[in-house]
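In: Structure for the following, please:
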Amino acid sequence: MMRALVLALAVLLAGCARGPSTETLKADVERRLAEALPAGTVAIAAIERRGSQSDTKAPAGERRRVLYYDVVLRLERDFDFGAWDAPGTAGLMSALGAGPKGVAGITSGGNKAGDRIYVHGTALYARNENQWVSVAPAGFRPVAAPSYAANAAEGPTAVLEAMREIVESIPAGASQAEREAIEQELLTAHAAVRGRLARLAEGYAIAAGPEHGQYLRLARALAAESDVRIVPLVTRGGEENLRLLREGKVTLALAQGDAALNALEGTGNFSADGPYATLSAIGGLYPEPVHVLVRADSAFRAIEDLKGRRVVVGVEGSASRATALRVLAAHALEPPDIVLLDMALGEGLVAVRDGRADAVIQIIGVPADSVRDALAEVPLRLLPLAKPAVETLVGAKAGYFAYTIPRGTYATQAEDVPTIATAALLLAGAGLSEAEVGRIARLVFRQGRDLAARGSAQGTQVAAANARQGLSIPLHHAAASAIETMAER
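Out: The predicted structure is shown next:
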């Protein structure tokens, strides 16, 4: 009798250690899905736990566990998860705590009733007296992209050795400017060599972005799905991409729509470059809305409340920083009425967490992995842009359009957030023929693919039906013809 009681107690304790039951998990997943997607969109066909672990980031004195599970969702009606202006992939991923490669079955151009979507999800639970209580879905660490070294351009051993010696000869006390100069030259040389090798191999070099960034993930997903050779290049982002394209070092590039317009006109950060009159787009890929993030427990309710505060606006010379400054100016906030902090998004979110900054402004596609990851450590809240500011920014015809970040895009976001967005654009180099541009457009906007399963959550929004949205520069006529044909099907 005593032995049976001990065994029963052991089983009970083991269950508590593992977290909530599958039935509890299923009920919570159903609730999150109902909050993230329109009613009647999906139903759970199957759900299975895949283990759990203690949450090492739990607040002091609080017991939490992270659950890992697989869920199969059945589409109850036709639904396009890639629509730019409605809940979709972002809400689904945030509701289920899934990373880009954790979702399979979402097809470009829309899903049909009866389709199955497969998700590797995570859920976070806290122990409250005798029960497990669901908290915000667990953050995730996206699958690490291959290291920069894995992309290193091959060349004569002597050249590589000389480059290595240059890097290793940097004195410990070298200035930041010296280190940045070496980094810039190495990145430029790397992009130039890879671009030339790609052309020699009859492929297409695409200037993408930094490791772990959305541009690079999308470029790699497209390359994996392509029947032509596409070589994604690691760069510092859109503004460098535009210059690489202009110099003929790449054949394709990704950039923000507002930055592309500045390059076309020779304004803003491209004033010294002069107009890039031949610049053209192959199409718009996905929206990049303005995120204004503050701590959830702060008193800030509007951007005007940030007067006199410390705001992270991005690094000097970045397209995102230029947009952030325009957003602040539209709300009548400029130095010295506001303290600008030049930091990248990840560093800025840490600064907000630690109390060294009051807000972060970033232009990035949804769902933003870095934001979702930060939510696992500190509650954040999105501030809306004021209606007059939105009208001013859109009316300036600087590459912006009104946009709403739908509720449920992030785990703690209970309401729609009005803001502005610019489009992520695919740009064509002058050396491409009309036939090549048409072929690339058909490749990029082809329906029926699952780019989320390839690692790009934003890839679900890439479709011929969306390709003309948010265009700030001329659409290449060969791309326009291809897109029109595809959209009619």
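In: what's the spacing between the strand or helix carrying residue 119 and its chain's center?
Out: Residue 119 is part of strand 116-128, with elements assigned from DSSP states H and E. Centroid displacement of strand 116-128 relative to its chain, using C-alpha atoms, centre = their mean, to the nearest Å, is 21 Å.
In: contacts for the helix or strand that it is followed by?
Out: For strand 116-128, the following helix or strand on the C-terminal side (DSSP H and E) is strand 131-134. Counting contacts by C-beta atoms under 8 Å, 6 or more residues apart in numbering, the residues outside strand 131-134 that touch it are 19, 20, 24, 28, 65, 123, 124, 125, 126, 127. C-beta: built from backbone N, CA, C; applies to glycine.
In: ok, now stretch 319-326?
Out: Stretch 319-326 has contacts (C-beta under 8 Å, 6+ apart) with 237-239, 255-256, 258-259, 262, 268-269, 290, 311, 313-315, 334, 340, 342, 345, 361-364, 393, 398, 422.
In: Alpha carbons only: can I get it in PDB?
Out: Output of stretch 319-326 as PDB, limited to C-alpha atoms (Å, rounded to 0.1, in the frame of the first residue of the first chain):
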ATOM      1  CA  ALA A 319      18.200  53.500 -43.900                       C
ATOM      2  CA  SER A 320      16.200  52.600 -40.800                       C
ATOM      3  CA  ARG A 321      17.800  55.500 -38.900                       C
ATOM      4  CA  ALA A 322      16.800  58.000 -41.600                       C
ATOM      5  CA  THR A 323      13.200  56.800 -41.400                       C
ATOM      6  CA  ALA A 324      13.200  56.900 -37.600                       C
ATOM      7  CA  LEU A 325      14.300  60.600 -37.700                       C
ATOM      8  CA  ARG A 326      11.500  61.400 -40.200                       C
END
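In: what's the average pLDDT for that stretch?
Out: The average pLDDT for stretch 319-326 rounds to 91.
In: Low-confidence regions, the chain specifically.
Out: 1-18, 136-174, 188-189, 191-202, 489 (pLDDT under 70).
In: need the helices for it, in chain order.
Out: 2-18, 22-36, 89-96, 157-168, 176-200, 214-225, 238-246, 257-265, 319-330, 345-354, 369-375, 387-395, 434-444, 477-487 (DSSP state H).
In: Quick one, which of the contacts of stretch 319-326 are buried?
Out: In these, burial by neighbour count holds for 237-239, 255-256, 258-259, 262, 268-269, 290, 311, 313-315, 340, 345, 361-364, 393, 398, 422, counting by 16 or more other C-beta atoms under 10 Å.
In: Can you give me the domain boundaries for the protein?
Out: According to automatic domain parsing, the chain comprises the domains 17-134, 149-285+427-487, 288-422.
In: and the direction of the strand holding residue 119 versus that of helix 89-96, what angle?
Out: For strand 116-128 against helix 89-96, the angle by axes from the mean of the first three to the mean of the last three C-alpha atoms, to 10 degrees is 40 degrees.
In: buried ones in strand 116-128?
Out: 117, 118, 119, 120, 121, 122, 123, 124, 125, 126, 127.
In: Now render the residues you listed as TSV, adding distance to residue 304.
Out: Supplementary listing: those in TSV, determined by distance: C-beta to C-beta, whole Å:
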residue	distance to residue 304
117	41
118	45
119	40
120	42
121	38
122	37
123	37
124	34
125	38
126	35
127	41
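In: Residue 446: which of those is nearest?
Out: Nearest to residue 446 among these: residue 117, at 19.8 Å, using C-beta to C-beta.
In: Quick check: the closest one vs residue 222, distance?
Out: Noted for residue 117: a distance of 21 Å to residue 222, by C-beta to C-beta, to the nearest Å.
In: again with residue 452
Out: 13 Å.
In: Can you check which residues contact both of these two?
Out: residue 459.
In: So which of these two has more stuff around it?
Out: The residue with more neighbours, out of residue 452 and residue 222, is residue 452; 29 against 26, by other C-beta atoms under 10 Å.
In: and the more buried one, what does it touch?
Out: 89, 100, 101, 103, 104, 106, 459, 460.
In: ditto for residue 69
Out: Residue 69 touches 25, 29, 47, 48, 49, 50, 120, 121, 122, 123, counting by C-beta under 8 Å, 6+ apart.
In: Is it bridged to anything, and to what?
Out: Beta bridges link residue 69 to residue 49, residue 121, judged by DSSP bridges.
In: Leaving out the residues flanking it, which one is nearest to residue 251?
Out: Once flanking residues are discounted, residue 251 sits nearest to residue 429: 4.4 Å by C-beta to C-beta, 6 or more residues apart in numbering.
In: Give me the neighbour count for that neighbour.
Out: Residue 429: 25 neighbours (other C-beta under 10 Å).
In: Same check on the one 4 residues further on?
Out: For residue 433, the neighbour count with other C-beta under 10 Å is 9.
In: quick one: it from residue 427, how far?
Out: Residue 433 is 16 Å from residue 427, by C-beta to C-beta.
In: for residue 98, same thing?
Out: In terms of C-beta to C-beta, residue 98 sits 31 Å off from residue 427.
In: Tell me which of these two has more neighbours.
Out: The neighbour comparison of residue 98 against residue 427 (other C-beta under 10 Å) goes to residue 427, with 28 against 24.
In: residues contacting the closest residue to residue 386 other than its chain neighbours?
Out: In space, residue 386 comes closest to residue 331 once its chain neighbours are excluded; the distance is 6.1 Å by C-beta to C-beta, 6+ apart. Contact partners of residue 331, counting by C-beta under 8 Å, 6+ apart, are 303, 304, 385, 386, 389.
In: And residue 287, how close does it get to residue 461?
Out: The value you get for residue 287 to residue 461, if C-beta to C-beta is used, is 7 Å.
In: One more: residue 309?
Out: Residue 309 is 33 Å from residue 461, by C-beta to C-beta.
In: Neighbour count for the two, which is higher?
Out: The neighbour count for residue 309 versus residue 461, taken as other C-beta under 10 Å, is higher for residue 461 (27 against 16).
In: That one against residue 289, yeah?
Out: No - if you go by C-beta atoms under 8 Å, residue 461 and residue 289 don't touch, sitting 11.9 Å apart.
In: Please verify my assumption that residue 364 contacts residue 213.
Out: No - using C-beta under 8 Å as the test, residue 364 is too far from residue 213 to be in contact (9.0 Å).
In: Pretty sure residue 234 is one of the things residue 211 touches, is it not?
Out: Yes - contact criterion C-beta under 8 Å: residue 211 and residue 234 qualify, at 6.1 Å.
In: who has more neighbours, the two?
Out: residue 234 (23 against 14).
In: So what pairs up with the more buried one in the strands?
Out: Residues in beta-bridge contact with residue 234 (DSSP bridges): residue 209.
In: distance of it from residue 424?
Out: Distance from residue 234 to residue 424, by C-beta to C-beta: 17 Å.
In: now swap in residue 458 and tell me
Out: For residue 458, the distance to residue 424 (C-beta to C-beta) stands at 7 Å.
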